[in-house]
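Undergrad: Okay, sequence plus prediction incoming.
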Amino acid sequence: MTDARAGQSDRSPSALGALTPSTERRRIPDASLYVILVAIVVLMTAVNPERFPTLSNLQSMLSQLPILAFLSIGMMISMLSGGINLAIVSTANFTGIITALMLRALTAGDSASATLGVTAVAMLAGVAGCMLVGAFMGWLVAYVEVPAILATLGVTTLLDGVNVVLTRGYTISNFPDALLAIGNGMTFGVPTPFLMLLVVVVLLHFLLNRMPFGFRLYMLGSNPIAAKFSNINTRAVLMGDYVLSSAFSALTAFVMMGQLNSVKANYAQSYVLVAVLACFLGGVDPFGGAGRLSGMILAVIILQIISSGVNLLRVDPFFVTAMWGAIILVLIAVNHFTGRWREGRRLARMHGPGAPEGAPTARPSATEPNSSPRGERVR
Amino acid sequence: MDDFLRLKAIHKSFVGAYALKGVDFSVRSGEAHCLIGENGSGKSTLIKIISGVEHPDSGEVWVKGARVARATAAEMIRQGIQVIYQDLSLLPNLTVAENIAIAQLAKSGRPLVNWRTVHEIARAATARIQVDLDLDAIAGELPIGLQQMVAICRAFTGDLRLLVLDEPTASLTKGEIDNLFTVVRDMQSHGIAILFISHKLNEVIDVADRVTVLRDGLTVGTLSREQLSTDKLVEMMTGRPLAQTRFRYAGGRKKKLLEVRNLSKRNNFADISFDLYEGEILGIAGLLGSGRTELALALFGISPADSGAITIEGSGQRIASVQDAVAAGFAYVPENRLTQGLVLKHSVAENLVAAVIGRLVGRWGMIDASRRDGLVARWINSLDIRVAAPDLPVEMLSGGNQQRVVIGKWLATEPQILILDGPTVGIDIAAKSSIHQVIRDLAARGTGVILISDEVPEVVANSNRLLVMRAGRIRSEIDSTAATDAEVQALVEATA
Amino acid sequence: MSAVARARGGAPIKRLLKRNEFYLAALILVLCVSITAANPSFLTLENVLSFLKTSSVNGILAVGVLFVLILGGTPDVSFTAIAQVVEYVVVMATLRWGGDIPLALLGACALGAVMGSVNGFIIHYFRVTTIVVTIATLNVYFGMLYVLTGGNVIFVVHPMFKQFASILLFPMRSANGAVYGLSLMPVMWLAVLVVGWFILRHTFLGRAIFAMGGNEVAAQRIGVNTLWTRVFVFSFVGLLSGVAAIVHTAIVLSAIPNIIVGHELEVIAAVVLGGASLFGGKGTIIGTFLGVLLFAVLKNGLVLLNFSSYWYDVTIGIAITVGITVSAYQQQRAERSRVNVKVEAVAAQ
């Protein structure tokens, strides 16, 4: 007999567009994403029949996809803990700039002539810089307990300023072949960045789904208090989370450097929006604890197709930015309506015959901090 | 006394399940009426219907002898019925005065706020209830007992005739409870009826003029004051007579597991010293705010102590984090099952292995699935956790089963010392005794158990030794194998 | 000390010390002293009036941000885009049809309010966090602005703006003959502060905003109309963005498409440093003013001390990061020293 479930806080203003963080979502690869993917491909082909369904376009998409993918996955990783990494692009720029400056320093100004070894050292320096940023953000969120939005917003502003100082506003270019190969080369017949993406995705899959870190991360994201009470070192996990997220900034940086043969402060800032959008579309719960790589990959592919298709139409890039914004709004609306429907199904499942009695209400305990029943958690 | 409120043949069902199957219920003017029942009995739904938040599928609602055709929330408030929910619904960032006056302000629809009026309204309310509140204090910073007073004052500003209190004493200290009942009696003398929902049978027996018991969506019966007894109430609530057994300690001082000396933490507890032996259940009783949970949290590493010594099987331990505590052999089943004990959206299996995931690692640092599944199966069986499949989310389980999952999670760490804090809160009476049996079996097998509880009968029946804490210190230590509830209650409530 | 006073947190002096605004004011004072020591022209009336004028834009926007933060949840980041769009529309409209400042102001406020209300409706009906919705609307508004205007700078605006900017209250002559005085822009900022204060403190609407920030479910139960309160807040933000747009045009006498956008964090950080909480329900006008003043003093100091412009953003970034770190650390300390149990002093028996 159930009476406590109905009329519970399910209806309080809460989730981001009713992204119901149920375990259903974690289990079923979202069927609707496949549908959207097919629909988008059809749409783009219809709109641009000469240039869209061509081999060169496919190659172009395959080479651009990794950047978007790395950024989106990096964003997803930070969202899994219930936070967000708004500094993901600034960190990538920072990494690139550090690497470029190191190259210049080690080769006395002639970066293109750097040997493999020197290139590697420079890249290591870039990675170190990136890890430092990640650790700093992790420290702010885990130890100082600054809400993630503020912490990463602050860091991104800081980094943008630092990037400008380091480059004096100029673009640095002229990189060695080793680096260019990462961006443009082919390995085993596949564009190198794409291969990198594949490898990373596979490794990440194991990390998130089969290893203790991933297990703890999902638990932390779902209920940080219970995670702490369950012998999970929440501070260490959060730290690791932001460092890992920043690692993806490093990957992005190297691919970008390789492809564009230049670095600049404040490059690609609009990608933050797209990364957030990809997480939404891919089913990541911004409150933490839910989100699958498979959903992310599909989402990134969809967005890349949209991006390429729109670019082929020579649309004003600012219009594209507006478009991404509009897509988020549409997505919010769609999530809301389908979420409602899904919510109804979930409630029905719990009230069915043989279902357990309602959950007992938690009494306000004297040792528990005054929790706001707003349901909107800001981290 | 006439009936102020009368519910006839109320039926209410939700998607696929019946909550109320024809309930007859009445509250007389000026009486203190208690409504009791287990989880799932329909109490909450009945209250929602009384407050107008939900509408019955069929049946009638009568107020002051007249049928209320459309019992909406606004209408019921107009009729003089106010509900104070367990979370008090206060605005924690506003002052006391504002909290009291704000509902009236909203109703009056006037755009500007006259602070003098606000204070007047607040002062009038506090004067009527005869409670001394600092009107400019921030509501969220008050102790919970005073917050409740604020909520009552707020309810009072309407034309109040029936005040419904949902589990009002759940988080109050003894002084605050006495205060509350004084206020309640005063309101009664003004003709205001009070409807309590409570699970604390001893308080119910103290305070109520009449008690109605609900079970499975039906009224089992209504007892008047003279007829009340704990056993009778329990029998009506569960449908069976209560079998009360007591924990029997295997006896003979065995190995000393834990030695605590002079453990102190500023503003939490001071000078705590006690021992724990193998196979014992050491009870810790005391009022809310006595420091019991704070002590447990210090032993468990959540908020470590400032000073003192913790020794486990002879070797001194430094507990600065949960990881330290678990490594030392502690386990803690927390007070608040839903927010501290379980990750509701995760599966039963995941919750069971949460504390030992690091130990289930096999090749390449990956989790060994078969060892994990083995562990899950073992504890589901051994603790008799009723769930259709281990990968169902744990939020779908009943309270009692959820608690078993929490206990299972901790037993998986193979602890030497298991601390349980309010382990049967919000759990049905029948399920309570089976949890008690689990705890007793644990002790019998050699684990040292510390049982912290608000409910004196629970702690008396399930421990062989008992500590009573008050205001952060241990005040008494007794052998509870032969103690009575009344004795211990007296010790708990003693003020000197 | 009486029991009542103790419950209130001590004697009046002690309570003052506990407040965030006090430390902020002290910090600003310290900064002013240090900067003046290095460059005496900082603390001249002329300089002060000047940087007060240029920070009016952020100051006006900050009041809107304060309202959003009190309402609860994540901050609105679309206000700069709204200001930018309104600025362009007003500049182009006045160039085409003329008019006067009051009319332009009216139009700006109306347009801004409508744009802002969109946020309010979406957030309410779709139950989404503010930051996500406003990131989306930010990009929609900003993107469309660029598309429709081609990103063109408008170098000449209607003379009414120059007229407006040249009005000086209490005109004075400086050492080198230049005329300076209190221009109308800081006055508008002050007016906005006063209006904001009045709404928050003396209207039911203002108290409803605090109520929703404290406990939205309870506020609803009490009878607060959450939809309209929310829509009001976001419309108010838009309206203020409109005011800020007018003020900005008067200051720079041109319309540049990406000059306001990008400063969201600075404004938000100023409000947060001023004591508003990201969790809602808390914040004061004084604190917001002080927060904006802090950044204004910092920036002006950097200029006067001849720092290269590259260092602006870094300094602001550092200031923001340090500020939120200190703020969070303070909260942690408060949590840790909370009295859970009133421990009895002497062991009995």
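TA: Now that the structure is in, tell me what you want to look at. Residues are numbered from 1 along each chain as shown, chains lettered A, B, ... in the order given.
Undergrad: which residues does the residue of the stretch 51-200 of chain C found nearest chain A contact?
TA: Taking C-beta to the nearest C-beta as the measure, the point where the stretch 51-200 of chain C comes nearest chain A is C:Gly143, at 2.6 Å. C-beta: built from backbone N, CA, C; applies to glycine. Residues near C:Gly143 by C-beta atoms under 8 Å, 6 or more residues apart in numbering or on different chains: A:Phe318, A:Phe319, A:Val320, A:Thr321, A:Ala322, A:Met323, A:Gly325.
Undergrad: Next, check these against the helices and list the overlap.
TA: Among the contacts of C:Gly143, the members found in helices (DSSP state H) are A:Phe318, A:Phe319, A:Val320, A:Thr321, A:Ala322, A:Met323, A:Gly325.
Undergrad: Between the contacts of C:Gly143, which sits nearest chain B?
TA: Nearest member of the contacts of C:Gly143 to chain B, counting by C-beta to the nearest C-beta, is A:Gly325, at 30.3 Å.
Undergrad: pLDDT at residue 28, what is it?
TA: Going with chain A. pLDDT for A:Ile28: 45.
Undergrad: Wait, chain C was what I had in mind.
TA: pLDDT for C:Ile28: 90.
Undergrad: Tell me how far it lies from C:Phe289.
TA: Here the criterion is C-beta to C-beta, to the nearest Å. By it, C:Ile28 lies 10 Å from C:Phe289.
Undergrad: When the two are compared, which one has more neighbours?
TA: Applying other C-beta atoms under 10 Å in any protein chain shown to C:Ile28 and C:Phe289 shows that C:Phe289 carries more neighbours, namely 24 against 17.
Undergrad: Check the spacing between that one and C:Leu240 real quick.
TA: Using C-beta to C-beta, C:Phe289 is found at 14 Å from C:Leu240.
Undergrad: Regarding B:Asp479, what are the backbone dihedral angles?
TA: Backbone torsions of B:Asp479, given as degrees, to the nearest 10, read phi -90, psi 120.
Undergrad: contacting residues around it?
TA: By C-beta under 8 Å, 6+ apart, the neighbours of B:Asp479 are B:Asn464, B:Arg465, B:Leu466.
Undergrad: B:Glu98 is in contact with B:Thr117, correct?
TA: No: assessed by C-beta atoms under 8 Å, B:Thr117 is found out of contact with B:Glu98, at 11.4 Å.
Undergrad: which of those two has more neighbours?
TA: B:Glu98 (25 against 15).
Undergrad: What parts of the stretch 101-250 of chain A come near chain B?
TA: Listed as neighbours of chain B in the stretch 101-250 of chain A under the rule C-beta under 8 Å from any C-beta of the partner chain: A:206, A:210-212, A:215-216, A:218-219, A:222-223, A:225-233.
Undergrad: Now the stretch 301-450 of chain B against chain C: closest residue?
TA: For the stretch 301-450 of chain B, C-beta to the nearest C-beta, closest residue to chain C: B:Ser303, 8.3 Å.
Undergrad: gap between that residue and B:Glu455?
TA: Noted for B:Ser303: a distance of 24 Å to B:Glu455, by C-beta to C-beta.
Undergrad: C:Phe234 now?
TA: Distance from C:Phe234 to B:Glu455, by C-beta to C-beta: 49 Å.
Undergrad: So for the two, which sits in the more crowded spot?
TA: Neighbour count, other C-beta under 10 Å: between C:Phe234 and B:Glu455, C:Phe234 has more, with 32 against 18.
Undergrad: counting contacts, what elements does the strand or helix carrying that one pack onto?
TA: Assigned by DSSP states H and E, C:Phe234 belongs to helix C:226-252. Packed against helix C:226-252, as judged by 3 or more C-beta pairs under 8 Å, 6 or more residues apart in numbering or on different chains; DSSP states H and E, are the following elements: helix C:56-71, helix C:79-97, helix C:101-126, helix C:159-166, helix C:184-202, helix C:204-214, helix C:216-222.
Undergrad: can you give me the helices in chain A?
TA: A:23-27, A:31-47, A:55-80, A:88-106, A:116-142, A:148-167, A:177-184, A:192-210, A:212-222, A:224-229, A:234-260, A:271-281, A:293-312, A:317-351.
Undergrad: Below-threshold pLDDT in the chain: ranges please.
TA: As the question left the chain open, I've gone with chain A. Within chain A, the stretches with pLDDT under 70 are A:1-30, A:339-379.
Undergrad: Not quite, go with chain C.
TA: For chain C, applying pLDDT under 70 flags the ranges C:1-19, C:346-349.
Undergrad: Which residues are in contact with the residue most central in space within it?
TA: Nearest to the geometric centre of chain C sits C:Ala62, at 0.9 Å (C-alpha atoms, centre = their mean). Contacts for C:Ala62 (C-beta under 8 Å, 6+ apart) come out as C:Val267, C:Ala270, C:Val271, C:Gly274, C:Thr288, C:Phe289, C:Gly291, C:Val292.
Undergrad: That one and chain B, how far apart?
TA: Distance, C:Ala62 to chain B, by C-beta to the nearest C-beta, to the nearest Å: 20 Å.
Undergrad: export the helices and strands packed on helix C:226-252 to CSV and tack on distance to B:Ser398?
TA: Shown next, in CSV, are the helices and strands packed on helix C:226-252 (distance: least, C-beta to C-beta, whole Å):
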stretch, distance to B:Ser398
helix C:56-71, 38
helix C:79-97, 49
helix C:101-126, 34
helix C:159-166, 70
helix C:184-202, 47
helix C:204-214, 34
helix C:216-222, 26
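Undergrad: does B:Ala122 count as helix, strand or coil?
TA: Secondary structure for B:Ala122, judged by DSSP: H, G, I helix; E, B strand; the rest coil, is helix.
Undergrad: so B:Ile264 makes contact with B:Ser307?
TA: You called it Ile, but residue B:264 is Ser. Yes: using C-beta under 8 Å, B:Ser264 is in contact with B:Ser307, at 5.2 Å.
Undergrad: who's more crowded, these two?
TA: Set B:Ser264 next to B:Ser307 and count neighbours by other C-beta under 10 Å: B:Ser264 wins out with 17 against 11.
Undergrad: Against B:Thr293, how distant is the closest residue to the more buried one other than its chain neighbours?
TA: Leaving aside its sequence neighbours, B:Ser264 sits nearest to B:Ala270 (C-beta to C-beta, 6 or more residues apart in numbering or on different chains; 4.6 Å). Going from B:Ala270 to B:Thr293 by C-beta to C-beta gives 15 Å.
Undergrad: Between the two, which has more neighbouring residues?
TA: Neighbour totals were compared for B:Ala270 and B:Thr293, and B:Thr293 leads with 29 against 24 (other C-beta under 10 Å).
Undergrad: Get me the contact residues on the stretch 351-496 of chain B for chain A.
TA: Within the stretch 351-496 of chain B, the positions lying close to chain A (C-beta under 8 Å from any C-beta) are B:351, B:354-358, B:360-361, B:365-367, B:391, B:393, B:395-399, B:401, B:409, B:413, B:425-428.
Undergrad: got the contact list for the closest residue to C:Val339 other than its chain neighbours?
TA: Distances taken as C-beta to C-beta, 6+ apart place B:Asn267 nearest to C:Val339, at 4.4 Å, with adjacent residues excluded. By C-beta under 8 Å, 6+ apart, the contact list for B:Asn267 reads C:Ser337, C:Arg338, C:Val339, C:Asn340, C:Val341, C:Lys342, C:Val343.
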